[in-house]
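Visitor: Output the structure for:
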Amino acid sequence: MNQADKELNTLVLNKELGGRKKLALGLYVHVPFCSTTCDFCAFYQEKPSKKGMDAYFAGLRDEISRFPPNRALSTVFLGGGTPGLLQPEQLDQLCGLVNSLDMESGAEWSIELAPSEITPEKLQVLHDQGVNRISMGVQTFDPRFMDALGRKHPVEKTLSAYSMIREAGFFSVNLDLLFGAPGQTLADWESDLARAVELQPDHLSTYCLTFEEDTAMYVRLAGGKLKIDPEREAEFYEFAWDYLPAHGYDQYEVSNYAKPGHACRHNLNTWEMNEWIGYGPSACSQYRGIRRKNIASLEKWAAGLLPGGTPQFMEQEKLGPIDFARDAVLFGLRMNQGIDLGKIATQFDLHESVFAESVHFLDRLCQEGLAEKQSPDTFRLTKQGRILCDAIACDLPELTER
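Guide: This next block holds a predicted model:
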């Protein structure tokens, strides 16, 4: 075992980590294979091949052996890439590796699927293995914007895939929707939301189109063929914030809505700064005080996990209670319920005085109509504040132990 392994496996949950006990533990598994690249996608991906698949599954077995969880998993999320690109027997193999780990009773187990790769056979494997939540990347129901986003499947395929998912009997189904596509109007966005509501999924995620480097969309933006319009984006956000709650979907985060009992527990685990382990190339972990990201290369990731090899990370840093507490505030402000500074202080074994500058900052936001103060320790952003949540996060003061 090399030094990096020893450091991760010998750290303990002690006062250095805020005295936290029985943290929820999530698992994220990155499946990097995609047959095509959507114009807006910046996630690490590889074209599928037998050699790549063999290396991937061997690497997963090695990574699980090197970095096993120290307790039962609360949530599992299989993402990508496109996990649905795997054949039924490969999905069975992937789920078998997850099932070799200890899971809490009633754990949430999600998988991302693209409409074009969904079949009854694959869904049966997933259901039989214990997957209970499907997240399908719809993006839009309008063929014009499908093409603009580089999505290759017809709308009819999305509808038939959704029917198959429902027939397979999964507990919870999420649909991802994207707004802000070139040429999209507010009426177009209302049409997409209406079609989604008509299907009655259990959860809806609505994301603004972002222009990540190394994507086709970014190239068009850099070339002057597209432009960013923050005021237009705000209109799309606010429309969904009114429309979806009026149709039975409670908003619990800037971009996420759910029917009662269907909020994504894996996301909540992350936003509340609990712990998660990431397996697969480019996967991120936050575990035992270390936050890190695996190298975004299938070949190098797998080679580093071989006996005698050195695991390869793009990023790795050791964090303390102050770091976790600040991130809990940052992410907590994105949630409709807001933040309770007293609870965050208790969670990370900190004195509430570390939030003194933050309280002054949040009080100013209240005076400006961007936040509401529900008690001396609890704050939440107003609708106007949530529109500016990214800018607010940038201005949030650092926490300082006194």
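
Visitor: quick one: low-confidence parts of the stretch 101-250 of the chain?
Guide: Where the stretch 101-250 of the chain drops to pLDDT under 70, the residues are 148-152, 210-229.

Visitor: Strands of that one, start to end?
Guide: Along the stretch 101-250 of the chain, counting by DSSP state E, counting those that start in this stretch, strands occupy 103-113, 133-139, 172-179, 203-208, 250-253.

Visitor: mind checking how far the shortest one is from the chain centre?
Guide: Meaning strand 250-253. 15 Å (CA atoms, centre = their mean, to the nearest Å).

Visitor: what do you get for stretch 302-319?
Guide: 22 Å.

Visitor: cool, and stretch 372-383?
Guide: For stretch 372-383, the distance to the chain centre is 25 Å (CA atoms, centre = their mean).

Visitor: re earlier: turn the strands of the stretch 101-250 of the chain into JSON lines, including mean neighbour count and distance to residue 383.
Guide: C-beta: built from backbone N, CA, C; applies to glycine. Listed next are these as JSON lines, based on neighbours: other CB atoms under 10 Å; distance: least, CB to CB, whole Å:
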{"stretch": "strand 103-113", "mean neighbour count": "19", "distance to residue 383": "29"}
{"stretch": "strand 133-139", "mean neighbour count": "24", "distance to residue 383": "25"}
{"stretch": "strand 172-179", "mean neighbour count": "22", "distance to residue 383": "17"}
{"stretch": "strand 203-208", "mean neighbour count": "21", "distance to residue 383": "15"}
{"stretch": "strand 250-253", "mean neighbour count": "18", "distance to residue 383": "10"}
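
Visitor: Reformat those into a markdown table and put distance to residue 237 next to each item.
Guide: Shown next, in a markdown table, are the strands of the stretch 101-250 of the chain (distance: least, CB to CB, whole Å):
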| stretch | distance to residue 237 |
| --- | --- |
| strand 103-113 | 23 |
| strand 133-139 | 17 |
| strand 172-179 | 8 |
| strand 203-208 | 7 |
| strand 250-253 | 11 |
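
Visitor: Those strands: which one's closest to residue 235?
Guide: The closest of those to residue 235 is strand 172-179. By CB to CB, the value is 9.7 Å.

Visitor: sorry, back to before: which among the strands of the stretch 101-250 of the chain is found nearest to residue 236?
Guide: strand 172-179 (4.4 Å).

Visitor: neighbours of residue 264, just the number please.
Guide: 24 (other CB atoms under 10 Å).

Visitor: likewise residue 400?
Guide: The burial count for residue 400: 12, using other CB under 10 Å.

Visitor: Contact partners for it?
Guide: Counting by CB atoms under 8 Å, 6 or more residues apart in numbering, residue 400 makes contact with 322, 354, 357.

Visitor: element containing the last one, please.
Guide: Taking DSSP states H and E as the definition, one finds residue 357 inside helix 356-367.

Visitor: What's the first helix or strand after that helix?
Guide: strand 371-375.

Visitor: which of the contacts of residue 400 tops the neighbour count?
Guide: Busiest of the contacts of residue 400 [other CB under 10 Å] is residue 354, holding 21 neighbours.

Visitor: Tell me the secondary structure at it.
Guide: Classification of residue 354 using DSSP: H, G, I helix; E, B strand; the rest coil returns helix.

Visitor: give me every residue that touches it.
Guide: 322, 325, 345, 399-402.

Visitor: Now those residues in JSON lines, please, with extra columns for distance to residue 206 and secondary structure.
Guide: Listed next are these as JSON lines, based on distance: CB to CB, whole Å; DSSP: H, G, I helix; E, B strand; the rest coil:
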{"residue": "322", "distance to residue 206": "33", "secondary structure": "helix"}
{"residue": "325", "distance to residue 206": "29", "secondary structure": "helix"}
{"residue": "345", "distance to residue 206": "32", "secondary structure": "helix"}
{"residue": "399", "distance to residue 206": "31", "secondary structure": "coil"}
{"residue": "400", "distance to residue 206": "36", "secondary structure": "coil"}
{"residue": "401", "distance to residue 206": "38", "secondary structure": "coil"}
{"residue": "402", "distance to residue 206": "41", "secondary structure": "coil"}
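
Visitor: For whichever helix or strand residue 60 is part of, buried residues please.
Guide: Assigned by DSSP H and E, residue 60 belongs to helix 50-66. Neighbour counts over helix 50-66 (16 or more other CB atoms under 10 Å) mark 52-53, 55-57, 59-60, 62-64, 66 as buried.

Visitor: What ranges does the stretch 251-400 of the chain have for its helices?
Guide: 265-271, 298-304, 321-332, 341-347, 356-367, 383-387, 389-395 (DSSP state H, counting those that start in this stretch).

Visitor: out of those helices, which comes closest to residue 45?
Guide: helix 298-304 (9.6 Å).

Visitor: Now that closest one - C-alpha only, CSV.
Guide: Extracted in CSV, the C-alpha atoms of helix 298-304 (Å, rounded to 0.1, in the frame of the first residue of the first chain):
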residue,chain,number,x,y,z
LEU,A,298,-9.5,5.9,-18.3
GLU,A,299,-6.0,4.4,-19.1
LYS,A,300,-4.1,6.3,-16.4
TRP,A,301,-6.8,5.8,-13.8
ALA,A,302,-6.9,2.1,-14.4
ALA,A,303,-3.1,1.7,-14.5
GLY,A,304,-2.7,3.6,-11.3
